[in-house]
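Novice: Build me a structure from this.
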Amino acid sequence: MNADSIIAAANDTIFSVWFLIGAALVFFMQCGFAMVETGFTRAKNAGNIIMKNLMDFCIGTVMFIILGFSLMMSENYLFGLIGVPDLTIFTSWSDFPWSSFVFNLVFCATAATIVSGAMAERTKFVSYCIYSGVISLVVYPIEAGWIWNPQGWLAQMGFIDFAGSCAIHMVGGIAALIGASILGPRIGKYDRDESGKVTKVRAIPGHSLTLGALGCFILWFGWYGFNGAAATSVPQLAQILVTTTIAPAVATCVTMLFTWVRNGKPDVSMCLNASLAGLVAITAPCAVVDALGSIIIGAVSGILIVVVVEFLDLKLHVDDPVGAVGVHCANGIWGTLAAGLFSTSTGLFYTGDFTQLGIQALGVLAVGTWTTVTMIITFQVIKHTIGLRASAEEETRGLDVTEHGLDSAYADFLPMPPQVLMGETSNAFTSVEEAITVNHYPAAMPATPAPSPEAIGAKLTKVVMIFKESRFEAVKNAMNALGVTGMTVTHVLGCGTQKGRTQFYRGVKIDEVALLPKIKLEMVISKVPVSDVVEAAKKALYTGHIGDGKIFVYDVENVIKVRTGEEGYDALQGTDD
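Specialist: The predicted model follows:
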């Protein structure tokens with residue numbers, strides 16, 4: 001065997017292993033989808049979102065084994081349209097194409113899970129499971145076979161969809177659009193007049209942009225396997241990884257600038273969507289475009305995601321909590337068509353020939369029609385049989401508790417009553433007590449002592465201040481200087497008559513009450529003059545800007561110190577313990 005043969009054999013082995021590693025990376029993207037969808041929705045539905053993403057893969061695996069893989073990749077492929085089910089996975093164990101099966105399985109699960117976010121927070125879990133089974137069993141395998149089975153009619157025409165802008169993302173995005181439209185918006189999303197016309201669009205912010213960002217980074221990381229797994233040489237793999245980096249980076253920059261100019265601030269959630277939009281758009285042409293093409297594709301994606309998300313919400317009134325339609329449908333279509341424009345070998349802008357663009361457009365039309373028809377039938381059948389939407393009560397309470405019996409996906413953050421230990425007490429703190437001096441007081445409650453001379457006629461006043469967090473140290477120092485040492489400080493949320501600052505969430509103005517973080521300081525005063533306290537607080541808090549805060553002064557009827565029984569003025573004074 002000569003050196004060239006050895007190198008060729010080694011390359012074949014290396015890229016066969018990389019193919020499977022890429023499949024594992026695509027599987028890991030399920031985690032990314034789960035985090036994005038959970039972060040962009042409310043906490044009361046977090047467990048339901050996680051469960052749907054888990055079951056997308058698990059149900060999809062069963063469906064793909066039973067029928068999906070045969071319909072998609074069977075060697076006995078009829079008329080370039082559909083594979084003949086042969087169940088060779090059960091009958092030809094030693095000869096079965098396991099690598100192809102695993103790779104196509106994880107892609108199938110990706111198509112299914114895209115819909116979860118668009119239909120989040122109001123879909124019956126059982127209905128979603130049925131949908132997930134249908135798309136994995138029939139819808140995705142048939143159209144994907146047209147593109148990726150060598151005998152498929154689109155593959156025979158030279159259709160370019162290297163990693164699935166059309167076969168996966170556009171299909172999932174169309175299914176998401178149809179599902180969200182049939183399902184209807186979340187309760188409270190749109191205000192309507194008596195005629196049913198939408199009069200106001202309300203923003204419903206997700207509960208954790210942190211989780212959303214984590215999901216975005218996981219997806220971006222997994223996308224290197226999503227796009228690169230099918231590479232057959234190091235130069236091709238390098239090209240794919242470069243284009244897969246350029247497009248989302250440019251898309252995110254464009255969206256940041258676009259939202260910054262329009263709204264006065266860069267929109268965080270929209271920029272996260274833009275990263276995913278750029279990834280979706282570059283998925284089809286990643287192996288056939290150069291750096292310039294990647295830049296243009298990403299730039300268009302950055303504008304397209306904002307326009308589509310806002311158009312759906314503000315004009316069509318389709319409630320898509322995570323932007324799945326804008327990310328996957330719109331940019332799946334754009335990426336597929338972009339292959340016909342920017343392919344360095346067959347694209348319009350490089351050859352002047354419209355042929356490739358025509359083939360790409362035909363593929364989009366055919367796959368889009370197939371998906372639209374099958375998903376409308378699927379969702380309508382589910383809606384008119386077992387029902388598609390959760391009840392209003394279930395939606396209001398949250399699907400975590402009503403669908404899964406889960407009080408919260410964040411159990412440790414629930415308000416819990418203190419645990420009281422009954423019976424024998426632990427001696428775990430004996431060593432601490434021995435290490436310090438402990439003053440033991442009588443077990444019986446002391447009698448109320450006679451008031452001191454200073455207490456007679458003394459006035460008790462409660463002063464409450466609400467102000468910016470940044471002014472706390474100044475106020476604390478001012479009170480200490482006056483001799484006021486007893487104070488209670490809490491973090492609160494609130495707003496004044498301005499209803500907080502104007503905010504935008506995914507292009508929708510949040511003009512209801514916007515609660516801002518504040519400090520609430522409370523103290524009861526008797527010895528220090530109230531006027532001195534108020535003047536000192538005003539000096540410490542004043543900046544001349546809206547939001548400096550307010551000071552409230554109340555009369556107090558009485559104060560009782562529990563340990564000593566002292567009341568009124570005496571209860572507020574220190575002791576010489």
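Novice: For the stretch 351-500 of the chain, just list every one of the strands.
Specialist: For the stretch 351-500 of the chain, applying DSSP state E, counting those that start in this stretch gives strands covering 461-467, 488-494.
Novice: A strand includes D319, no?
Specialist: No - per DSSP: H, G, I helix; E, B strand; the rest coil, D319 lies outside any strand segment and is coil.
Novice: So for it, what's the nearest residue that isn't a sequence neighbour?
Specialist: Using CB to CB, 6 or more residues apart in numbering and skipping the chain neighbours, the partner closest in space to D319 is P185 (3.5 Å). Where you see a C-beta, it was placed from the backbone N, CA and C, and this is true even at glycine.
Novice: Need the phi and psi values for that neighbour.
Specialist: Taking degrees, to the nearest 10, you get phi -80, psi 160 for the backbone angles of P185.
Novice: returning to what we had before: so which of the strands of the stretch 351-500 of the chain has the densest surroundings on average?
Specialist: strand 461-467 (a mean of 19; mean count of other CB atoms under 10 Å).
Novice: list the buried ones in stretch 294-312?
Specialist: Buried positions in stretch 294-312, judged by neighbour count with 16 or more other CB atoms under 10 Å: 294-302, 304-306, 308-310, 312.
Novice: Same question for stretch 229-246.
Specialist: Applying 16+ other CB under 10 Å to stretch 229-246 flags 229-231, 237, 239-241, 243-246 as buried.
Novice: Name the next helix or strand downstream of the longest helix anywhere in the chain, please.
Specialist: Determined from DSSP state H, the single longest helix within the chain is helix 3-39. Scanning forward in sequence from helix 3-39 by DSSP states H and E, the next helix or strand is helix 46-63.
Novice: Please work out the average pLDDT along that following helix.
Specialist: Mean pLDDT, helix 46-63: 95.
Novice: which residues of the stretch 451-577 of the chain score low on pLDDT?
Specialist: 451-457, 496-503, 507, 509-514, 574-577 (pLDDT under 70).
Novice: and what of the chain?
Specialist: Low-confidence segments of the chain, defined by pLDDT under 70: 1-11, 412-457, 496-503, 507, 509-514, 574-577.
Novice: pull the CA atoms of the biggest strand by length in the chain into CSV?
Specialist: Once the chain is assigned using DSSP state E, the strand that runs over the most residues is strand 516-525. Below are the C-alpha coordinates for strand 516-525, written out as CSV (Å, rounded to 0.1, in the frame of the first residue of the first chain):
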residue,chain,number,x,y,z
LEU,A,516,-37.5,49.4,39.1
PRO,A,517,-35.2,48.2,41.9
LYS,A,518,-35.3,50.5,45.0
ILE,A,519,-34.2,50.6,48.6
LYS,A,520,-36.8,50.9,51.3
LEU,A,521,-35.4,52.2,54.6
GLU,A,522,-37.7,52.2,57.7
MET,A,523,-37.0,53.7,61.2
VAL,A,524,-38.9,54.7,64.3
ILE,A,525,-37.6,57.9,65.9
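Novice: Paired strands for that strand, with orientation please.
Specialist: strand 461-467 (antiparallel), strand 488-494 (antiparallel) (DSSP bridges).
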